[in-house]
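J.: Show me how the following folds:
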Amino acid sequence: MTTLFLNARLIDPEAGSDAPGSLLVQHGHILARSDQSDKAAFLAAHNLNTADVQIVDCGGKCLAPGIVDIGVKVCEPGERHKESYKSAGLAAAAGGVTTIVTRPDTTPCIDSPETLEFVTRRAQADAPVNVLPMAALTKGREGREMTEIGFLLDAGAVAFTDCDHVVTSTKVFSRALTYAKSCGALVIAHPQEPGLSAGAAATSGKFAALRGLPSVSPMAERMGLDRDIALLEMTGAKYHADQITTARALPALERAKANGIDITAGTSIHHLTLNELDVADYRTFFKVKPPLRSEEDRLAVVEAVRTGLIDVISSMHTPQDEESKRLPFEEAAAGAVALETLLPAAMRLYHAELLDLPTLFRAMSLNPATRLGLASGRLSAGAPADLVVFDPDAPLVLDRFKLQSKSKNTPFDTQQMQGRVLATYVAGEPVYRKEA
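T.: Okay, the predicted model is just below:
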């Protein structure tokens, strides 16, 4: 099918532009784009008749590359009651996410080709969006013995990570990085000094002390990143820090990039839009890992996204059931669902004039796709037609019970937000349309 998107506001993160235009899609890929809205002339230039083309009038709303979300937890196998590939896929489509890159912290974890093959088949059968699985870096995510990285790559793993389990043995981690380097594999790590951060539920400071919460210094993130950078200098591996959330860690990241180390970094939408004061009422939906930071840290990380020092914005979608969250704050499970709230939360940064739309989609679409070697995340000819149509100004009051995810643990429940996804397309085919 050939589809022409007319009267769109094209958000192009590759060109850094936000301008009116039209987009022509054929056979699941972008065929051409134009800054004109003359339908007849555009079609004639490509020898197409109006009768053979499906017209989508965007009505001046934004058309952008679909979001590529690194670090999504889908709870299959083991905890399907929290999230399945079907529910996660529907949530992603409703949130404008066209590719989810899934974490291996399942039960059992994804550390063998057999388990990876199982989740790949389940994802292909149930999810309407693209699903790319990551595999564990060490067996059982226990940090003692590395997985069969070569076999897992052959089975379809796009990256290797132990998620929030830090590999404490520098010998094991360096060997894994060396082997990953020989295979050309990407390693994703969680920069944290685990001794300092063990048991922490908040960021250290006056606020955490007043609330009586066990806390961790932001320096723990800096220390973890410093260690990893030293090992990268030694091994030359490809590395991505899953979440940089503190100002203390940014100079080390900047130096590593300036020294030519193959390192990129991400952060979560929650750390960009919330701060430590949001846990004032001990609401466990605001408990995430690492814990929410100070307002100074938040603004420093936003600025790092603007300058490109931090490359990727992710949802870090982590479903937790009610029983896991209805506990005292320090005992409750960490994590929040965010596949559907990623885009409206990002619009807070846009409306606050902290980040423009091309910069946001550079971090949410282009950069994660580029880091994983994908052709998506752009509006150029030949790219996959994975697209999202959205209204950045449409108001909404979030109702967590209307989310597509099985788990409803969002910190944005009942909050007034702006930004609605109107339609999502994967390979040119609609996988979500907002009901009128």
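J.: elements contacting the helix or strand of the chain with the lowest mean pLDDT?
T.: Within the chain, no helix or strand scores below helix 39-44, which has a mean of 84 by mean pLDDT, DSSP states H and E. Packed against helix 39-44 by the contact rule (3 or more Cβ pairs under 8 Å, 6 or more residues apart in numbering; DSSP states H and E) you find strand 2-12, strand 17-26. Just so you know, the C-beta spots here come from the backbone N, C-alpha and C atoms, and that holds for glycine as well.
J.: what are the pairing partners of the last one, and which direction each?
T.: If I follow you right, that is strand 17-26. strand 2-12 (antiparallel), strand 29-34 (antiparallel) (DSSP bridges).
J.: Quick one: distance of the shortest one to the chain centre.
T.: Just to be clear, that refers to strand 29-34. On the basis of Cα atoms, centre = their mean, to the nearest Å, strand 29-34 sits 26 Å off its chain's mean C-alpha point.
J.: could you give the mean pLDDT of it?
T.: Here strand 29-34 scores 94 as its mean pLDDT.
J.: about what we covered before: helices and strands around the next helix or strand along the chain from the least confident helix or strand of the chain, which ones?
T.: Using DSSP states H and E, the next helix or strand after helix 39-44 towards the C-terminus is strand 53-57. Counting contacts by 3+ Cβ pairs under 8 Å, 6+ apart, strand 53-57 packs against strand 2-12.
J.: Quick one: distance of the strand it packs on to the chain centre.
T.: Worked out by Cα atoms, centre = their mean, strand 2-12 lies 24 Å from the chain centre.
J.: what's it in contact with?
T.: 17-26, 31, 33, 37, 39, 42-43, 48, 52-65, 357-358, 361, 378-379, 385, 387, 389, 428 (Cβ atoms under 8 Å, 6 or more residues apart in numbering).
J.: Low-confidence bits of the stretch 1-150 of the chain, can you list those?
T.: Low-confidence segments of the stretch 1-150 of the chain (pLDDT under 70): 37.
J.: Just give me the longest helix of this structure.
T.: In the chain, with assignment by DSSP state H, the single longest helix is helix 219-235.
J.: Return that one as CSV; C-alpha atoms alone will do.
T.: The C-alpha coordinates for helix 219-235 follow below in CSV (Å, rounded to 0.1, in the frame of the first residue of the first chain):
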residue,chain,number,x,y,z
MET,A,219,28.5,10.2,44.0
ALA,A,220,27.7,6.4,43.8
GLU,A,221,26.6,7.0,40.2
ARG,A,222,29.8,8.9,39.5
MET,A,223,31.9,6.2,41.1
GLY,A,224,30.2,3.4,39.1
LEU,A,225,30.7,5.4,35.8
ASP,A,226,34.3,6.1,36.6
ARG,A,227,35.0,2.4,37.1
ASP,A,228,33.2,1.4,33.8
ILE,A,229,35.1,4.1,31.8
ALA,A,230,38.4,2.8,33.1
LEU,A,231,37.5,-0.7,31.9
LEU,A,232,36.4,0.7,28.6
GLU,A,233,39.8,2.3,28.1
MET,A,234,41.3,-1.1,28.8
THR,A,235,39.0,-3.2,26.5
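J.: for it, which positions count as buried?
T.: 220-229, 231-232, 235 (16 or more other Cβ atoms under 10 Å).
J.: And for stretch 387-406?
T.: Buried-residue list, stretch 387-406, by 16+ other Cβ under 10 Å: 387-392, 394, 398, 400, 403-406.
J.: do stretch 73-88 as well
T.: Neighbour-count burial for stretch 73-88 [16+ other Cβ under 10 Å]: 73-76, 79-80, 82-88.
J.: In helices only, show me these.
T.: Residues of the buried residues of stretch 73-88 located in helices (DSSP H): 85-88.
J.: got CSV for the residues you listed, with distance to Glu193 too?
T.: Formatted as CSV, those follow (distance: Cβ to Cβ, whole Å):
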residue, distance to Glu193
Tyr85, 34
Lys86, 38
Ser87, 35
Ala88, 31
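J.: wait, which of the residues you listed is closest to Pro128?
T.: Nearest to Pro128 out of these is Lys86 (Cβ to Cβ; 8.7 Å).
J.: show me what contacts the closest residue to the closest one other than its chain neighbours?
T.: Using Cβ to Cβ, 6 or more residues apart in numbering and skipping the chain neighbours, the partner closest in space to Lys86 is Asp126 (4.1 Å). Applying Cβ under 8 Å, 6+ apart, we find Asp126 in contact with 84-86, 89.
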